[in-house]
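> Give the three-dimensional model of this entry:
(2 chains)
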Number of protein chains: 2
Amino acid sequence: MEKLDILIKNGTILTMDPENRILEMGIIGIHGDTISFVGSEENKGLESKQIIDAKGGLVLPGLINGHTHAAMSLFRGLADDLPLMEWLNNYIFPAEKRLDSDFVFAGTLLACAEMILSGTTTFCDMYLFEEEVAKAAKQACMRSLVGEVLYDFESPNYGPAENGLRYTEDLIQTWEGDPLVSIAVEPHTLFTCSPELLSASHELAIKYNVPLIIHVAETMNEVNDIKNKYGRRPIEHLHSLGILGPHLIADHCVHLQEDEIQLMADNQVKVIHNPESNMKLASGIAPIPEMLAKQMTVGLGTDGCASNNNLDLIAEMDTAAKLHKLASMDTTVMDAPTVLRMATIEGARALGLGDMVGSLETGKKADIIIVDTNKPHLTPLYNPISHLVYAARGSDVSHSIINGRLVMEERRLLTLDLYDIMGEVRAKSGRVKKWVKP
Amino acid sequence: MEKLDILIKNGTILTMDPENRILEMGIIGIHGDTISFVGSEENKGLESKQIIDAKGGLVLPGLINGHTHAAMSLFRGLADDLPLMEWLNNYIFPAEKRLDSDFVFAGTLLACAEMILSGTTTFCDMYLFEEEVAKAAKQACMRSLVGEVLYDFESPNYGPAENGLRYTEDLIQTWEGDPLVSIAVEPHTLFTCSPELLSASHELAIKYNVPLIIHVAETMNEVNDIKNKYGRRPIEHLHSLGILGPHLIADHCVHLQEDEIQLMADNQVKVIHNPESNMKLASGIAPIPEMLAKQMTVGLGTDGCASNNNLDLIAEMDTAAKLHKLASMDTTVMDAPTVLRMATIEGARALGLGDMVGSLETGKKADIIIVDTNKPHLTPLYNPISHLVYAARGSDVSHSIINGRLVMEERRLLTLDLYDIMGEVRAKSGRVKKWVKP
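This next block holds a predicted model:
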């Protein structure tokens, strides 16, 4: 066997493979960008250029943030606790109108730093100036699925609406074959995109075999708008346009009826659940247990920092597990293993990356994190999955490897200069304050 | 002016005083156990034995965990996601039956470490062997309000039920005048305590002028039980016993009717809200906004580690703020300032410690924490209160001072030996596993 590039030893490995195997005192071998070995300590013959000692911690697949708007890290805490339209009209929209590529690049780097530091290795983004998002994610050495937000009005990035699809097609062609960056087609919502734009987006996604990503049924207002405008509920509207399919990733999906869930399940639509944002914006509770009962693929997302206000997927797991117990008044609903799978392998599958990442299996890309359990809030350790979901925090992640590259070691970022990034966004935040306070 | 013992400088001070003053680049002077100065950087003349540089971070009152069972840190993750009675009967009760004073001491030290590391300086405890809890908290140099759990059956600590009140009275007399430890009388619930035990507990609390603390209306089952048994709802039952009053701290209060809330408000009953535990155990959502609308005093608690599973009050703030927006479908409910007050000054008032701690004001005891904001998830900083509630984590707390003593410096605990504590509880956890798995 060829010499390994990285060998991780002395950890409890949560493989998240089809058998959900947990290997105590396991080892993982990495060769180039790929996992070449997952097994037990007995295989001591393996040689490696670098050895990482997990020190008894947990070794698991890097977490998958299935839905965010990374650069909104620039607007975190700018305004909270306001009526939705006041928040949007007086703060978020005025700020976004003035965004430029520099802001999005800086905000995305900041978000990547936060995400790596809290265990996320892949994120799915929808925002403006996504070429910059791809570049920033690439610089951070994060895996990303990104797409320019498309809607019926003028964009501060690509200008008139008709340019949006061309910009997206350019993105697809530019990043084709990139080992870390993938592109999606991302119309904003059913109420900001005409049926024509939705259909054209769908066709572009099909043409290039990339995901189609839309915010769907996030609020009751949206459902009522769509019903008033088209005489159909959101999923029925998408169905009538012929858009439902395994390439569609529907974010939020809070307000669905039983028959809409069935339609989505029949068409293998993927869903990303964003419980904290749905709570903070008083949107509602997505019927996730009902989706899981129909074997749907559901990932977990944080949504943007302006409506959460963090990108910590470990905290999001905790909320997801607890929220649905409350909603169903049943303590057994959304157990810890289910939620951890949503944040890893199911999230990867939802983004169309399930063959590549989301579990620790030979041949998959090496996206791996280590969680340090030598802390009072993780001691004693009876059940690693319970600790990850209910007790751990993003700050317990000690190491991160993405695509075979060590990007965080003992909480030190190796691909990003935190001092520079924070200095840059602090400078930019002064301008943001002026934009929203006349 | 006499020389200060500690001077904190270069921070943004969130005083939580009646005007909610926020002092940018403020300083705080501490003399002995007391805050002797809160003001602006201009007062540079102050001399101090020790100077703590907050480095631009947030300086605020130590957080008040209004309800927990500290030693249950030993059972964290032992079992989750089970039906309530299966969890209690097969795991928690069998383990608790075998508890002894060593276990409770070790588990409480572990909990104190976690609480200090996440910004809590005062906690209110209800459990077994509370003499050990008081000793452990005192060793950690945490402020505590503790009380032995009382019920109608035999206790592994004090034996037959009739000994419980005597044990509690001993606790009160032993710890009288202690600068850190206060004692409460703590009957368990309305369904595990006879009317006679509740009344006797109330009389003991009145005799010594200490708080009376009870779990109240945590589950719908409890409400139904009490109605079936006494023909009254829980608060009406307490009222009929003459127990409602400003000395009563009611934990949970999930299932209340409007008239019960009014009765509690009229009698100045205090409430501790435990949203994460109420979610995880599928208990329900306490009507906190309705209580606040009646000017009731409501604090925040984590409950025990077996039903949360952490003691991080910063995470609890985030959940509290989001949960009630969802419950009321109103984004303006439980805004960040309200929630931060629940975790500080209102929590202190709920525990009867409002004149002593909970805000940074001259003459109050020096219980102070510093939050390091020089991190990507807290940068940029538009609004410190928003960041504390929605973006910060317990691990962002860098310093903690309790009763004038520095107990954590740059995240290093100064009163506890983490290595010893974690080793001890790991050894004990092996025995716990045997208790619950025959």
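
> element containing the residue nearest the centre of chain A, please.
Centroid-nearest residue in chain A, with CA atoms, centre = their mean: residue A:65, separated by 1.9 Å. Assigned by DSSP states H and E, residue A:65 falls within strand A:63-68.

> which residues sit against that strand?
Identification of contacts with strand A:63-68 by CB atoms under 8 Å, 6 or more residues apart in numbering or on different chains yields A:111, A:115, A:118-126, A:249, A:251-252, A:272-274, A:299-305, A:311, A:313-314, A:343-344, A:347-348, A:350-351, A:353, A:357-358, A:369. To be clear about C-beta, it is placed using only N, CA and C from the backbone, and glycine gets the same treatment.

> Equivalent analysis for stretch A:419-428, please.
By CB under 8 Å, 6+ apart, the list of residues contacting stretch A:419-428 reads A:73-74, A:102-103, A:106-107, A:109-110, A:113, B:374, B:376, B:379-380.

> re the thing from before, keep the contacts of strand A:63-68, but drop any that are not near chain B.
A:111, A:118, A:305, A:311 (CB under 8 Å from any CB of the partner chain).

> low pLDDT regions in chain A?
For chain A, the stretches flagged by pLDDT under 70 are A:1, A:42-44, A:437-438.

> Mind splitting it into its structural domains?
A:4-61+A:356-413, A:63-350 (automatic domain parsing).

> Now distance to residue B:204 too, for the ones you listed, in JSON lines please.
As requested, these are exported to JSON lines (distance: least, CB to CB, whole Å):
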{"stretch": "domain A:4-61+A:356-413", "distance to residue B:204": "34"}
{"stretch": "domain A:63-350", "distance to residue B:204": "35"}
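
> Looking at the ones you listed, which is nearest to residue B:191?
domain A:63-350 (19.0 Å; CB to CB).

> End to end on that closest one, go ahead and measure it.
13 Å (CA to CA, to the nearest Å).

> just stretch A:284-299 next, same as before
Start and end residues of stretch A:284-299 are separated by 18 Å (CA to CA).

> Can you list the buried residues in it?
By 16 or more other CB atoms under 10 Å in any protein chain shown, the buried positions in stretch A:284-299 come out as A:284-289, A:291-292, A:296-299.

> how far away is residue A:218 from chain B?
13 Å (CB to the nearest CB, to the nearest Å).

> Nearest spatial neighbour of that residue, chain-adjacent residues omitted?
residue A:252 (4.0 Å; CB to CB, 6 or more residues apart in numbering or on different chains).

> try residue A:277
Going by CB to CB, 6+ apart, residue A:277 has residue A:303 as its nearest residue, at 3.4 Å.

> That neighbour and residue A:274 touch, don't they?
Yes: taking contacts as CB atoms under 8 Å, residue A:303 lies within contact range of residue A:274: 4.3 Å.

> Within range of chain B, give me the residues from the stretch 1-150 of chain A.
Checking the stretch 1-150 of chain A against chain B by CB under 8 Å from any CB, the hits are A:73-74, A:76-78, A:80-84, A:87, A:110-111, A:113-114, A:117-118.

> contacts for stretch A:398-413?
So stretch A:398-413 is in contact with A:5-6, A:30-34, A:50, A:52, A:54, A:57, A:62, A:113, A:116-117, A:119, A:121, A:140-143, A:179-180, A:365-372, A:395, A:397, A:414-415, going by CB under 8 Å, 6+ apart.
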